[in-house]
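1. Okay, structure incoming, though there's no sequence with it:
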C-alpha cells in the first residue's frame, strides 16, 4: 500500500526538521516584537490598564509630574485648589446644560447665548484649552471637543466614565471616579497616551504651576 505524504515526517520516517526559512521567519518575528516593544517605551505609550493600582492615601492631595505621571507628593488631609467659578474662552462664558446635553457659550455682557452645541450624554464639566472647550460625558463615556472659534466638533471615545477634566502642562487631564483612573490626552492627536490607576478614587483635578493636582477620596 502506498504511503500518503506527511507534513510532519521526512521521506525516511524521521520527524521533519525546521528549514532555514522557517527558522528565519521565527527570528524575524522575535526581532519585530522586540523592536515594537522598544518603540512603545520610547514613545511612552504604556497604558496602565490592569495590574496592581498605584498606592495613594485616602482623603489626600496627590501631585503628579505631567511628563512621567510620577507621584511627586501625596499629602494627607489636603485638597486640590478649587476651579475658577467661571470658565472663559474666546470672550465667552462656557457652561454645560446637563438636562439637554449641550455646551453653551454666553456673551458675559449681553447674557445672550451665542454658542449652543450638542455634546454627549451626561456632560459633567467643561475646561478650556488648546483652542477648544472640552466636555466629559459620563453616560456615554466620551469627551466632546468643541472649537471655541469656528464650528468644528469632535468626539473622543474613552471606554470609561469620566467625572472631571482640566487642561494644562501640554495635555488634557480626565479623571474617572468609578475606575479610579487618571487619563492624559494629547490634544495634538486627540488620543489618550498615558493612564494611571490609583488605589483610591480621584475626585477632582486641576493643573497649577506645571503640575497635576488631584483630590483623592476615600
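-> It's in. What you are looking at is a predicted structure, and each value in this text was computed from that prediction instead of being measured. Numbering: from 1, shown residues only.
2. rest of the way, CA atoms for contacts and neighbours
-> Noted.
3. mean confidence score for the helix or strand harbouring residue 145?
-> Assigned by DSSP states H and E, residue 145 falls within strand 142-147. Strand 142-147 carries an average pLDDT of 98.
4. Neighbouring strands - and their directions - for it?
-> Sheet pairing of strand 142-147 (DSSP bridges) gives strand 132-137 (antiparallel), strand 153-157 (antiparallel).
5. okay, the ones you listed, which one's buried deepest?
-> Among those, strand 132-137 has the highest mean neighbour count (mean count of other Cα atoms under 10 Å), at a mean of 26.
6. Mind listing residues that contact that strand?
-> 89, 94, 103, 119-128, 142-148, 161-165, 174 (Cα atoms under 8 Å, 6 or more residues apart in numbering).
7. do stretch 61-80 as well
-> Residues outside stretch 61-80 that contact it (Cα under 8 Å, 6+ apart): 56-60, 169, 196, 204-206, 210-216.
8. could you point out which element follows the helix or strand bottoming out on mean pLDDT in the chain?
-> For the chain, the helix or strand with the lowest mean confidence is helix 20-42, at a mean of 49 (criterion: mean pLDDT, DSSP states H and E). On the C-terminal side of helix 20-42, the nearest following helix or strand under DSSP H and E is strand 60-64.
9. Just checking: what are the partner strands of that following strand?
-> Its sheet considered, strand 60-64 pairs with strand 71-76 (antiparallel), strand 211-216 (antiparallel) by DSSP bridges.
10. that older thread, just the buried ones out of the contacts of stretch 61-80, please.
-> 56-60, 196, 204-206, 211-216 (16 or more other Cα atoms under 10 Å).
11. Of the residues you listed, which is the nearest to residue 155?
-> Nearest to residue 155, judged by Cα to Cα, of these is residue 205 at 21.2 Å.
12. Next, the contact list for the residue nearest to that closest one when sequence neighbours are not counted, please.
-> What sits nearest to residue 205 in space, not counting adjacent residues and going by Cα to Cα, 6 or more residues apart in numbering, is residue 214, at 4.6 Å. For residue 214, the contacting residues are 61-63, 79-80, 202-206, by Cα under 8 Å, 6+ apart.
13. Would you mind giving the domain segments of the protein?
-> For the chain, automatic domain parsing gives the domain ranges 19-48, 60-216.
14. Just give me how far the longest one sits from the chain centre.
-> Translated: domain 60-216. Taking Cα atoms, centre = their mean, to the nearest Å, the mean C-alpha location of domain 60-216 is offset from the chain mean by 11 Å.
15. And that domain, end to end?
-> Taking Cα to Cα, to the nearest Å, domain 60-216 runs 5 Å from one end to the other.
16. related to what we said a few turns ago, just put the strands paired with strand 60-64 in TSV and tack on mean pLDDT and distance to residue 133.
-> Below are those laid out as TSV (pLDDT from 0 to 100; distance: least, Cα to Cα, whole Å):
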stretch	mean pLDDT	distance to residue 133
strand 71-76	98	28
strand 211-216	98	19
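17. Quick one: closest of those strands to residue 191.
-> Proximity to residue 191 (Cα to Cα) singles out strand 211-216 among these, at 18.5 Å.
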